[in-house]
Structure formats: C-alpha cells, structure tokens
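no sequence on this one, just coordinates:
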Ligand SMILES: Nc1ncnc2c1ncn2[C@@H]1O[C@H](COP(=O)(O)OP(=O)(O)OP(=O)(O)O)[C@@H](O)[C@H]1O
Ligand SMILES: [Mg+2]
C-alpha cells in the first residue's frame with residue numbers, strides 16, 4: 001500500500017528524537033502524550049486512507065460493471081438531464097450514430113432523432129414534466145449515411161432525491177432487423193401461398209384428367225336423348241307437313257281421315273309436348289354438367305354461394321364412378337336437400353377426391369362398395385365416404401394429409417388429393433378426418449359449416 005505515510009515522524013524509542021527539547025521533570029510526560037496522539041492521528045489517517053482506497057476500488061468495480069452491462073445491451077440507451085442534454089449513452093447508440101461518447105454527451109437528445117420524428121421527440125421532456133407518461137413509440141435515429149435506424153422507444157422519467165424530475169432515460173429496441181424479418185416472413189408466406197395455389201391447380205388438373213371419362217359419359221347420356229328426341233320431332237314435322245298440304249289441297253273428308261290415321265297425326269300432336277320437355281331437360285343437364293366442369297377447372301377465387309350438397313355428392317360420385325372399369329356399388333344415404341353455403345367448386349373437388357380414393361382402393365374388385373352418408377347437425381353438414389377397401393395402416397395415418405404423400409405407383413397418384421382437400425375444408429371453416437371402419441375399410445368425413453358467416 002503506498003500511503004506516503006507509512007513511517008511515523010518519531011516515537012518514544014526513536015533515538016533521532018530531539019534530545020535537546022526540555023526533558024525537565026513533567027515535560028517528558030507531555031511529550032510522550034503528544035507523540036502518542038500523533039501516533040493515533042497517524043493510525044487514523046492510515047485507516048481512512050485504506051478505507052478510501054477500498055471505496056475507490058469498489059467504485060471502479062461498480063463502474064466497470066455498469067459499463068459492461070451498458071456495453072452488452074443490444075438496446076439503445078440515452079440518459080438526459082431535465083433540459084434534454086445527453087448525460088450517458090451506451091455502445092449500441094455509438095455504433096448506430098457512428099459517434100463517440102465524448103461527441104454525444106452534452107448535445108440535445110433531439111439532435112439524435114431523424115428530422116421526421118424530431119418534433120414528436122421534442123415533446124418528451126414537457127410530457128414527463130407535466131406528470132404524464134410518454135407512450136411507447138417508434139422513432140428513427142439519424143445515421144450519418146443512410147436511412148434512419150428505427151427503434152421502439154420507451155421513455156421514463158428520472159427523479160432526484162426529492163422526487164423532482166432530474167431528466168429521462170430512453171431505451172430503444174432496434175426494430176430494423178425485426179422489420180426485415182417480418183418483411184422476409186411475409187415474402188416467404190406469399191411464396192408459400194403461390195406454391196400452394198399452384199399445387200391446387202395441378203391437383204385439380206390431375207383430377208380433371210382422371211375424371212374426363214366419367215364426365216364424357218355423363219354428357220353422353222342427355223346428349224343422346226336430345227338427339228333421339230330431335231330425330232322424332234323431325235319425323236313428326238314431316239308427317240304434319242304432309243297432312244297440312246293435303247288439307248290445303250282440299251282432299252275429301254274421308255281421304256283426310258284416312259291420311260290422319262296413317263300419319264298418326266293425333267299421336268304426333270300429343271307427343272310433341274313431352275318430346276320438347278325431354279329435349280329441354282337434356283339440354284339443361286348438359287348445361288349443368290358444363291357449368292360444374294367449368295367451376296371445377298376454374299382458377300378464379302370462388303365467392304361463397306348457397307347450394308344443395310346432396311346434388312354435389314351425386315354429381316361428384318357419378319363423375320368418378322362412370323370412369324371406373326369395374327364399378328363399385330354406391331350407397332348414398334341422406335336427405336334430398338341439404339343446403340350449405342360455401343365454395344361450391346371446392347366442395348365438389350373435395351368430394352371427387354374422397355370418392356376417387358375410395359374407388360382407387362377398390363380398383364378391380366367385384367365386391368367393392370362405397371357408402372356415402374350425409375347428415376346435418378349443430379350448424380354443420382357432414383359427408384362420410386367409407387369403403388370396404390384395405391383401410392389405413394397405423395404407420396401412415398398421420399401422413400395422409402401431407403403434400404405428396406402417396407402409396408400409389410409412380411405416375412398414378414400425385415399425393416396431393418387429401419392435402420388440397422384438407423386445406424380447402426379448413427379455409428371454409430370445416431374439417432376433414434380420416435379413420436378406419438370397425439368392420440374394415442377407410443372412412444373419410446368432411447364437415448362443413450352450413451352458415452355463410454363461418455366461411456373465411
Ligand atoms: N379410402 C382410402 N383407403 C385407403 N387408403 C387411402 C384412402 N384414401 C387415401 N388413402 C391413402 O392416402 C394416400 C394419399 O391420398 P391422396 O388422395 O392425398 O393422394 P393419392 O390418392 O395417392 O394421389 P392423388 O393426388 O392422385 O389423389 C393414398 O396414396 C393412400 O395411401
Ligand atoms: Mg387421391
């Protein structure tokens with residue numbers, strides 16, 4: 001310890017003590033007393049010095065500790081006095097501003113703020129002085145070259161021992177990285193959405209390809225009876241024309257009656273109505289199928305509409321089954337009418353996928369059966385599609401709805417049917433479940449809200 005006071009001036013035994021100073025009787029005691037006092041004073045001085053040095057060392061430790069904490073802070077710290085003059089900053093602020101502590105201390109904190117936010121920042125001191133609190137806000141800190149560095153700022157008052165406003169402490173969390181991360185996340189989400197959209201389209205096209213045979217068959221039926229009716233009408237037209245020209249030629253009544261019988265004019269006339277009705281019905285069916293097809297293949301975002309889910313179940317099943325070489329038996333159970341509000345084309349696509357999967361698993365089997373059970377309860381409509389196929393093994397049960405998961409041979413299945421169906425059901429506020437039937441085979445249940453308000 002370098003106190004500079006480590007040696008007393010002299011002591012009782014000190015031979016260097018001045019001998020000449022009066023050693024008269026009684027005088028010696030006085031000297032000894034003085035020397036003792038001086039020793040005490042000296043000892044006190046040494047103690048104080050030691051304490052002072054210990055305090056100093058503690059202070060230095062505290063200072064180092066605070067500096068290390070401030071230096072380690074990833075947030076910006078600005079401490080000001082009541083006039084807004086900067087008293088203390090941390091390393092993060094120095095990094096952002098590119099200025100040293102010496103350059104920053106003493107300036108007004110508003111000079112650190114970018115021009116756009118300066119007026120807002122200038123009000124902080126007066127807000128705190130009026131006893132109110134400064135709302136957390138985003139402000140930009142001026143950066144020498146480049147755009148401001150934005151921080152999410154909290155501003156708290158600093159008070160002296162008597163509780164008066166002594167200044168303020170501002171802590172700002174840099175948000176540029178966060179903002180960038182958000183932007184990147186949004187861009188990634190958008191890309192994902194686009195990729196999903198593309199998947200949706202490719203799944204739809206693949207499904208459409210598989211359905212072509214079934215749809216063609218569906219169209220063939222009404223078209224063939226429209227043709228049949230039109231040929232009959234043409235024949236009837238000829239008969240009527242012949243009869244009318246005989247009438248114009250004023251043929252005798254008897255001859256006319258015979259001709260009327262021969263040309264079956266009465267039957268022709270009574271048949272015309274049903275023939276026209278049948279033809280119209282056929283044309284309407286063709287129009288509906290084309291409409292369904294158009295909706296199915298459309299890439300447009302659908303607007304929710306009210307439709308009869310039962311009709312969709314029938315069309316989807318017909319389309320799939322008509323295209324099967326060996327047709328499974330279909331048992332549809334449900335009311336005639338089940339109104340649902342949702343995206344019709346998407347629901348159609350889900351149903352096609354479920355029935356197609358059931359048909360695939362039964363492919364080539366003579367005893368294949370598909371049960372479709374439609375029910376409605378608690379604001380939800382349910383369609384359960386079950387089959388007497390192989391069922392689903394436990395190891396693939398939780399993979400079914402993953403994109404590209406398929407157990408079908410390469411080139412047969414894309415593995416997108418259930419993934420796309422699941423997402424479409426969810427987006428309509430519904431759900432899609434897979435299970436095994438207790439008696440064997442799989443069961444997929446689609447649940448859809450009946451109410452339009454649950455459609456997102
Ligand atoms: N009814 C079912 N019975 C048994 N397994 C099924 C049934 N439905 C689906 N699966 C299983 O789920 C897998 C995924 O079905 P998903 O519909 O997603 O794709 P995929 O039918 O293989 O191909 P695609 O994209 O052509 O529909 C199928 O490969 C099959 O293993
Ligand atoms: Mg499928």
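On my side now, so go ahead. In this text the structure is predicted, and so the values were computed from the model without any measurement. Ligands and ions are numbered 1, 2, ... in the order given.

care to break this structure down by domain?
For the chain, automatic domain parsing gives the domain ranges 1-71, 73-174, 197-300, 301-456.

With respect to ligand 2, which of those domains lies nearest?
domain 301-456 (2.8 Å; Cβ to the ion). Backbone N, C-alpha and C define where each C-beta goes, glycine included.

ok, and does that closest one reach over to ligand 2?
Yes: with Cβ under 5 Å from the ion as the criterion, ligand 2 is reached by domain 301-456 at 357, 417.

ok, the residue sitting nearest the centre point of the chain - contacts?
The centroid of the chain falls nearest to residue 189 when counting by Cα atoms, centre = their mean (7.6 Å). Shown in contact with residue 189 (Cβ atoms under 8 Å, 6 or more residues apart in numbering): no residues.

just checking, what's the longest helix in the chain?
In the chain, taking DSSP state H as the definition, the longest helix is helix 176-248.

interface residues of the stretch 151-300 of the chain facing ligand 1?
203, 206 (Cβ under 6 Å from any ligand atom).

Repeat the analysis, applying 5 Å as the threshold.
Taking Cβ under 5 Å from any ligand atom, no part of the stretch 151-300 of the chain reaches ligand 1.

Flag the shaky bits of the stretch 151-300 of the chain, pLDDT-wise.
For the stretch 151-300 of the chain, the stretches with pLDDT under 70 are 298-300.

Let me know the helix or strand that the nearest residue to residue 232 once chain neighbours are set aside is in.
Take residue 232 and drop its neighbours on the chain: the residue closest to it by Cβ to Cβ, 6 or more residues apart in numbering is residue 275, 5.8 Å away. Applying DSSP states H and E as the criterion places residue 275 in helix 265-297.

List the buried residues in that helix.
265, 268, 275, 278-279, 282, 285-286, 289, 292-293, 295-296 (16 or more other Cβ atoms under 10 Å).

Tell me the first helix or strand C-terminal of it.
Remark: after helix 265-297, the chain's next helix or strand is strand 305-308, criterion DSSP H and E.

Give the partner strands of that next one in its sheet and their orientations.
According to DSSP bridges, strand 305-308 has the following sheet partners: strand 339-342 (antiparallel).

orientation of the helix or strand that the strand it pairs with is followed by relative to helix 176-248 in degrees?
With elements assigned by DSSP H and E, the helix or strand that comes after strand 339-342 is helix 344-361. Relative orientation of helix 344-361 and helix 176-248, computed by axes from the mean of the first three to the mean of the last three Cα atoms, to 10 degrees: 90 degrees.

how about helix 344-361 against ligand 1, any contact?
Yes: using Cβ under 5 Å from any ligand atom, we find that helix 344-361 touches ligand 1 at 357, 358, 361.

name the helices or strands packed onto that helix?
Where contact means 3 or more Cβ pairs under 8 Å, 6 or more residues apart in numbering; DSSP states H and E, helix 344-361 is packed against helix 176-248, helix 265-297, strand 305-308, helix 309-322, strand 369-377, strand 380-387, helix 417-427, strand 442-449.

Report the next helix or strand after the longest one in sequence order.
When you say that, I think you mean helix 176-248. Assigned by DSSP H and E, the successor of helix 176-248 is helix 253-262.

Pull out the buried residues from that next one.
256, 259, 260.

Please name the nearest non-neighbouring residue to the second one.
Nearest in space to residue 259, with sequence neighbours left out and distances taken as Cβ to Cβ, 6+ apart, is residue 246 at 5.4 Å.

circling back to that earlier point, of all the domains of the chain, which lies closest to residue 180?
domain 73-174 (10.6 Å; Cβ to Cβ).

Assign a three-state SS to residue 325, would you?
Three-state call for residue 325 (DSSP: H, G, I helix; E, B strand; the rest coil): coil.

Which pLDDT value does the model give it?
Among the per-residue scores, residue 325 holds a pLDDT of 88.

so what's it closest to, chain neighbours aside?
Nearest one to residue 325, counting by Cβ to Cβ, 6+ apart, is residue 364 at 7.5 Å.

Need the three-state assignment for that neighbour.
Following three-state DSSP, the label given to residue 364 is coil.

Run a quick neighbour tally on it.
8 (other Cβ atoms under 10 Å).

That one reaches residue 326, doesn't it?
Yes: contact criterion Cβ atoms under 8 Å: residue 364 and residue 326 qualify, at 5.6 Å.

follow-up on the earlier one: so which of the buried residues of helix 265-297 is the closest to ligand 1?
Using Cβ to the nearest ligand atom, residue 296 comes nearest to ligand 1 of the buried residues of helix 265-297, at 14.7 Å.

that older thread, looking at the helices and strands packed on helix 344-361, which is nearest to residue 154?
The minimum distance between residue 154 and these falls on helix 176-248, with 15.4 Å, by Cβ to Cβ.

what is the orientation angle of the closest one with helix 265-297?
Relative orientation of helix 176-248 and helix 265-297, computed by the same axes, to 10 degrees: 170 degrees.

from the chain's centre, how far out does helix 176-248 sit?
Helix 176-248 has its C-alpha centroid displaced from the chain centroid by 32 Å (Cα atoms, centre = their mean, to the nearest Å).

tilt between it and helix 309-322?
Angle between the axes of helix 176-248 and helix 309-322 is 80 degrees (criterion: the same axes, to 10 degrees).

between helix 176-248 and helix 417-427, how big is the angle?
100 degrees.

anything in helix 176-248 near ligand 2?
No: applying Cβ under 5 Å from the ion, one finds helix 176-248 separated from ligand 2 by no less than 8.0 Å.

what's the helix or strand for residue 399?
Secondary structure assignment for residue 399, by DSSP H and E: no helix or strand.

before we move on, the earlier item: let me know which of the helices and strands packed on helix 344-361 is the nearest to residue 402.
Shortest distance between residue 402 and these, using Cβ to Cβ, is found for helix 417-427: 6.4 Å.

That closest one: how far from the chain's middle?
Offset of helix 417-427 from its chain centre (Cα atoms, centre = their mean): 15 Å.
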